[in-house]
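Participant: I would like to see how this sequence folds:
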Amino acid sequence: MRAHGGYGVTLECGQHDDPLAPEVAYKAILNCLAHLALIDAPAPPALSMESLRLVEVVDRQQPEDQFSKEWASFDALSKGTLVGWTVNGTEVRAPADGFIAFPNVNAAPGAEWFYLAVRHQRFA
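Facilitator: Below is the predicted model of the structure:
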């Protein structure tokens, strides 16, 4: 989409087994269509918009690797913030100012443990 001048949106609607996830997704789709005036419906107020870009993925190396706290997606990170530790005690720190995205305490070794997202000026 970006290669052709457009933009895309990814929306997390809940866990796969969350019975409310389909309704969250349906309402989000209707709100987006209304916001873009593609359907005849009142658009919800847009309070603000922020664009983030995922710039780095950190994979879990061992099952014993652990986070330094219970992280939630889009918690702010300052460069150097302690995110967690590997099983051998090596500290995992934020390489830049940004946000943690999709932290997964149950990630298997070799799988995505968390992402680093940074502000992106697409809409500025």
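Participant: show me the domain layout of this structure.
Facilitator: 2-35, 52-123 (automatic domain parsing).
Participant: so which of those domains is the most surrounded?
Facilitator: Of all these, domain 52-123 has the most neighbours on average by mean count of other CB atoms under 10 Å, namely a mean of 15. C-beta coordinates here come from the backbone N, C-alpha and C atoms, glycine included.
Participant: re the thing from before, and Pro45, which of the domains of the chain is closest to it?
Facilitator: Among the domains of the chain, domain 2-35 comes nearest to Pro45, with 9.6 Å by CB to CB.
Participant: next one: the closest one to chain centre, how far?
Facilitator: 13 Å (CA atoms, centre = their mean, to the nearest Å).
Participant: low-confidence ranges in this protein?
Facilitator: Counting by pLDDT under 70, the chain contains low-confidence residues at 122-124.
Participant: mind listing the helices for it?
Facilitator: 21-35 (DSSP state H).
Participant: spatially central residue for it, please.
Facilitator: Ala101 (3.8 Å; CA atoms, centre = their mean).
Participant: any figure for the gap between that residue and Ala46?
Facilitator: Shown here: Ala101 relative to Ala46, a distance of 22 Å by CB to CB, to the nearest Å.
Participant: what of Gly8?
Facilitator: Distance from Gly8 to Ala46, by CB to CB: 18 Å.
Participant: residue with max distance from the center of the protein?
Facilitator: Quick read of the chain (CA atoms, centre = their mean): farthest out is Asp40, 30.5 Å.
Participant: so Glu112 is in contact with Ile100, correct?
Facilitator: No: under the criterion of CB atoms under 8 Å, Glu112 is not in contact with Ile100, lying 11.9 Å apart.
Participant: nearest residue to Val105 other than its sequence neighbours?
Facilitator: Phe67 (6.4 Å; CB to CB, 6 or more residues apart in numbering).
Participant: quick one: contacts for the one you found?
Facilitator: Counting by CB atoms under 8 Å, 6 or more residues apart in numbering, Phe67 touches 83-84, 103, 105.
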